[in-house]
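> Predicted structure and sequence below. I'll ask about it afterward.
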Amino acid sequence: MIELQSVTKIYPNGVRALNTINLLIQAGDFVFLVGPSGAGKSTFLRILFREEFPTEGKILVDGKDIVSMPESRVPYLRRNMGIVLQDFQLLKHRTVAENVAFGLRVIGASESVINDRLQEALEQVGLSHKRRMFPDELSGGEQQRVCIARAIVSNPLILITDEPTGNLDPMISMEIMQLFLEINAKGTTVVMATHNHNIVNKLRKRVIALVDGRIVKDEAGGTYAYE
Amino acid sequence: MVNFSSVKFFVSEAVTNCRRAGLMTFITISTISVALLLMGGFLLATLNMESFLNRMREEALVTAFMIPDADSDQVKNVKMRITSLEEVSSVQIVTPDEAAKELFLDPTDQKLLQIGISSQTNPLPTTIRMKIRSSQDIDGLIRKLKDIPGIESITYGEEAFKQFQGLSELLWIGSLLVIILLGLSSLFIVYNTVRLTLFMRREEIIIMRLVGATNWFIRWPFIMEGFLQGIAGAIIALILLLISYRFMLTRLSILIPFFTFDLEWGHLIKLSVKLFLMGMVLGISGSLLSLRDLRSFSRNY
């Protein structure tokens, strides 16, 4: 599903964020990306959805080389990906339903497709009853659920998420993780960068540890450790 | 692919955003209105001046002088040929006696005696005065008149004509320059205002990019917004322009009674179309310029 071949990313200021990364993530995998701040986790995620270009190397997503992909094809690459970030990134003046439907509307989906998929996504995250509320009227956990609903509403192949529980308390974090597990169980590949020891240690999924832009550990059923 | 649901989305986004960013929308529309009002004012002034100059030119007389010993048959013949010319709207024959009478309106004028005119001798030739239909045909008419036998010389205030022509060209160049300068400066203001609204809606653009909206899908609502603001600006400018034009006409006709300014409906409609087009171009190009590089709407997280 995702393959990185000798990927290096050096920023214009000389910082080497990723250093000769070779990696294969199979379809349906659940991968935790761990490491200290500045290890290159966010850069790793950003190059997966072509927000950054690697300085060297090749990246294949679903068999397509996304480095040489023309800029005009990038939106279509992202339609196969759901992206969930730490700060909830919701449009405050739109209702829950509008925020979730936004993900479909901007890819030109028809009204009937939007209605069907919207209902399904809201049910999956358990927010059907709050569809007419505005983000400010929701709790942090609920806002993150709306983001997840928006990310999965287009049935993506891959879900990329950066610290999705960073702003949430432990109990809500576990609820959110439960959601990611359900999404993964339906066949979506999940790549998650996190600092949350408890979650990583409890779920025992594949753990890739990055330090100074290098993979120092790649372990199936691993724990949170990178020393 | 842009379908009906997308078009509906663009329009509703554009209208909602115009309403939501009220102050910015107000600034953009006002900028476009003021620019168009000034541009329209200059265009209107130029059109009026040109129509005034044209009228002045058309009222000017072309005068032909017959050879000194021309007989009445020759004069009749020449008059007939001139009347048949399409450029000429009216012809008046002034006999030497009539010309002398005109000159002798002031019998004390000693200069007349110096050039040999007295009540006994009259060296004046028969004069043919003609009015022309359009000042554009003046050169052709002069050529044709020179070919008519019996005509010795022709005068038509060549200098005045050239001055009118020069003035008219100067007016057009001036107003073109003003329009370009005003257009560029208002484009700059519109560009910056749109840039500010884009900054206010940065999150929205980032989310659109993340969920896979194409660059043109992101741009369309803004282009639509620019279009609507351009139209709104043009409507306001046009209303203000027509009101102030009416007001100026009334004031001018009182102040300078012999100055008649008026434009045909055709001209006013053309002017309105021009203002609408300029408004749309300003609105849309302001948006497009601001949206050139959507990659700058990225996020550091």
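Great, that's in hand. What you see is a predicted model, and the numbers here were worked out from it, not measured in a lab.

> Neighbours of A:Leu122, how many?
Neighbour count for A:Leu122, taken as other C-beta atoms under 10 Å in any protein chain shown: 22. (C-beta placed from N, C-alpha, C; glycine too.)

> For it, which three-state class applies?
Secondary structure state of A:Leu122, per DSSP: H, G, I helix; E, B strand; the rest coil, is helix.

> what sits against it?
For A:Leu122, the contacting residues are A:Val96, A:Ala97, A:Val100, A:Ser128, A:Arg131, A:Ala149, by C-beta atoms under 8 Å, 6 or more residues apart in numbering or on different chains.

> okay but the last one is in contact with A:Val100, surely?
Yes: counting by C-beta atoms under 8 Å, A:Val100 is a contact partner of A:Ala149 at 4.6 Å.

> Quickly list what's touching both of these two.
Both A:Ala149 and A:Val100 are contacted by A:Ala121, A:Leu122, under the criterion C-beta under 8 Å, 6+ apart.

> ok, residues contacting stretch B:33-45?
Stretch B:33-45 has contacts (C-beta under 8 Å, 6+ apart) with B:174-175, B:178-179, B:182-183, B:185-186, B:232-234, B:236-238, B:240-241, B:244-245, B:263, B:271, B:274-275, B:278-279, B:282.

> send the alpha carbons of it over as PDB?
This file holds the C-alpha atoms of stretch B:33-45, laid out as PDB (Å, rounded to 0.1, in the frame of the first residue of the first chain):
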ATOM      1  CA  SER B  33     -17.200  51.500  -7.400                       C
ATOM      2  CA  VAL B  34     -14.900  54.500  -6.800                       C
ATOM      3  CA  ALA B  35     -12.500  53.300  -9.500                       C
ATOM      4  CA  LEU B  36     -15.300  52.700 -12.000                       C
ATOM      5  CA  LEU B  37     -16.900  56.000 -11.100                       C
ATOM      6  CA  LEU B  38     -13.700  57.800 -11.900                       C
ATOM      7  CA  MET B  39     -13.100  55.800 -15.000                       C
ATOM      8  CA  GLY B  40     -16.700  56.200 -16.100                       C
ATOM      9  CA  GLY B  41     -16.500  60.000 -15.400                       C
ATOM     10  CA  PHE B  42     -13.400  60.300 -17.600                       C
ATOM     11  CA  LEU B  43     -15.000  58.300 -20.400                       C
ATOM     12  CA  LEU B  44     -18.200  60.300 -20.200                       C
ATOM     13  CA  ALA B  45     -16.200  63.600 -20.200                       C
END
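
> distance between it and the chain's centre?
Computed by C-alpha atoms, centre = their mean, to the nearest Å, the chain-centroid distance of stretch B:33-45 equals 11 Å.

> leaving aside the residues next to it on the chain, what's closest to A:Asp162?
Closest residue to A:Asp162 apart from its sequence neighbours, by C-beta to C-beta, 6 or more residues apart in numbering or on different chains: A:Ala193 at 4.8 Å.

> Near A:Ser139, how many other residues are there?
11.

> In contact with it: list those residues for me.
Going by C-beta under 8 Å, 6+ apart, A:Ser139 touches A:Ile172.

> Not counting sequence-adjacent ones, nearest residue to B:Gly230?
Spatial nearest neighbour of B:Gly230, chain neighbours left out: B:Gly283 (2.7 Å); criterion: C-beta to C-beta, 6+ apart.

> May I see the buried residues of the helix or strand the one you found falls within?
Under the criterion of DSSP states H and E, B:Gly283 resides in helix B:265-290. Residues of helix B:265-290 classed as buried: B:267-268, B:271-272, B:274-276, B:278-280, B:282-287, B:289-290 (neighbour count, 16 or more other C-beta atoms under 10 Å in any protein chain shown).

> so how far is it off the chain centroid?
How far helix B:265-290 lies from its chain's middle: 16 Å, per C-alpha atoms, centre = their mean.

> before we move on, what about stretch A:197-210?
15 Å.

> List the buried residues for that stretch?
A:Ile199, A:Val200, A:Leu203, A:Lys205, A:Arg206, A:Val207, A:Ile208, A:Ala209, A:Leu210.

> Could you export those as TSV, including secondary structure and distance to chain B?
Listed next are those as TSV, based on DSSP: H, G, I helix; E, B strand; the rest coil; distance: C-beta to the nearest C-beta, whole Å:
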residue	secondary structure	distance to chain B
A:Ile199	helix	19
A:Val200	helix	20
A:Leu203	helix	23
A:Lys205	coil	23
A:Arg206	strand	23
A:Val207	strand	22
A:Ile208	strand	19
A:Ala209	strand	20
A:Leu210	strand	16
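
> where along chain B do the helices fall?
B:4-20, B:22-59, B:72-83, B:96-103, B:111-114, B:138-147, B:158-200, B:202-210, B:215-255, B:265-290 (DSSP state H).

> do you know which of these lies nearest A:Glu163?
Of all these, it is helix B:202-210 that lies closest to A:Glu163, at 15.5 Å by C-beta to C-beta.

> before we move on, what SS does A:Thr8 have?
Here A:Thr8 is recorded as strand under three-state DSSP.

> what helix or strand does A:Glu3 sit in?
Counting by DSSP H and E, the element that carries A:Glu3 is strand A:2-10.

> Partner strands of that strand and their direction?
According to DSSP bridges, strand A:2-10 has the following sheet partners: strand A:16-25 (antiparallel), strand A:56-61 (antiparallel).

> Can I get those strands in a markdown table including mean neighbour count and mean pLDDT?
Putting the strands paired with strand A:2-10 into a markdown table (neighbours: other C-beta atoms under 10 Å in any protein chain shown; pLDDT from 0 to 100) gives the following:
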| stretch | mean neighbour count | mean pLDDT |
| --- | --- | --- |
| strand A:16-25 | 18 | 93 |
| strand A:56-61 | 17 | 94 |
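
> Of the helices of chain B, which shows the lowest average pLDDT?
Confidence, taken as mean pLDDT, is least for helix B:111-114 of those (a mean of 60).

> Three-state assignment for the most centrally placed residue in chain A, please.
Geometric centre of chain A, nearest residue: A:Ile160, 1.6 Å, by C-alpha atoms, centre = their mean. In three-state terms, and counting by three-state DSSP, A:Ile160 is strand.
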